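K.L.:
sequence plus predicted model, see below.
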Amino acid sequence: MEEARDVDAGTEVIVGGLRDPSFGPVVLTGLGGIFTEVYEDTSHRIAPIDAAEAREAIEELTAIELLEGYRGRDPADVDALADVVAAVGDLVAEHEAISEVDVNPVLATSEGAVALDALVVLGGDA
């Protein structure tokens, strides 16, 4: 059995995807939880993307300072978070029936990234 994690020991991030009528599958990441709408700190890419491009999207965020370890906090495992972003992009790109994915929050910690809540909306072409 996996050891319990301290859910207060990380940074909440949003990872989402949608099927845009003009651009097709798009993936986004940004500051998550209750801060998503407040700060509107997001980065978007046309999916699918690889982990390197996902990391670039993460590094564009103003919140990157929080993920790098701010005021004595441990830095988050940004590579693990980039893998999550790339995987959500793959999910939206590969499954046309998915019109939207919202994984919020993803808790980014020094030990990895874990989804705490998610929503998948179906409605695209099957």
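P.N.:
Yep, that arrived. Note that this is a predicted model, so its numbers are computed, not measured.
K.L.:
now do the strands in the protein.
P.N.:
Using DSSP state E, the strands of the chain run over 11-20, 24-31, 42-46, 98-109, 112-115, 118-122.
K.L.:
tell me which residue lies nearest the centroid of the chain.
P.N.:
Taking CA atoms, centre = their mean, the centroid of the chain lies closest to Val15, which sits 2.4 Å from it.
K.L.:
now distance to Asp79 too, for the strands of the chain, in CSV please.
P.N.:
C-beta here means a position set from N, CA and C on the backbone, and glycine is covered the same way. Formatted as CSV, the strands of the chain follow (distance: least, CB to CB, whole Å):
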stretch, distance to Asp79
strand 11-20, 14
strand 24-31, 14
strand 42-46, 16
strand 98-109, 11
strand 112-115, 9
strand 118-122, 21
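K.L.:
tell me which of those lies nearest to Arg73.
P.N.:
Of all the strands of the chain, strand 11-20 sits nearest to Arg73, with 8.1 Å by CB to CB.
K.L.:
packing partners for the closest one?
P.N.:
strand 24-31, helix 64-67, helix 78-94, strand 98-109 (3 or more CB pairs under 8 Å, 6 or more residues apart in numbering; DSSP states H and E).
K.L.:
of all the ones you listed, which lies closest to Val121?
P.N.:
strand 98-109 (4.0 Å).
K.L.:
can you give me the buried ones in the helix or strand of the chain with the lowest mean pLDDT?
P.N.:
Every helix and strand of the chain was ranked by mean pLDDT, DSSP states H and E. The lowest is helix 35-39, at a mean of 86. Neighbour-count burial for helix 35-39, counted by 16 or more other CB atoms under 10 Å, picks out 35-36.
K.L.:
didn't Thr42 look like it was pressed against Ile14?
P.N.:
Yes. Look at Thr42 against Ile14 with CB atoms under 8 Å: they come within range, at 7.2 Å.
K.L.:
okay, stretch 85-95 in PDB with CA atoms only?
P.N.:
C-alpha atoms of stretch 85-95 as PDB (Å, rounded to 0.1, in the frame of the first residue of the first chain):
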ATOM      1  CA  VAL A  85       0.600  17.900 -18.700                       C
ATOM      2  CA  ALA A  86       1.800  15.800 -21.700                       C
ATOM      3  CA  ALA A  87      -0.400  12.900 -20.700                       C
ATOM      4  CA  VAL A  88      -3.500  15.100 -20.500                       C
ATOM      5  CA  GLY A  89      -2.600  16.600 -23.900                       C
ATOM      6  CA  ASP A  90      -2.300  13.000 -25.300                       C
ATOM      7  CA  LEU A  91      -5.600  12.100 -23.800                       C
ATOM      8  CA  VAL A  92      -7.400  15.000 -25.500                       C
ATOM      9  CA  ALA A  93      -5.600  14.500 -28.800                       C
ATOM     10  CA  GLU A  94      -6.200  10.800 -29.000                       C
ATOM     11  CA  HIS A  95      -9.900  10.600 -27.900                       C
END
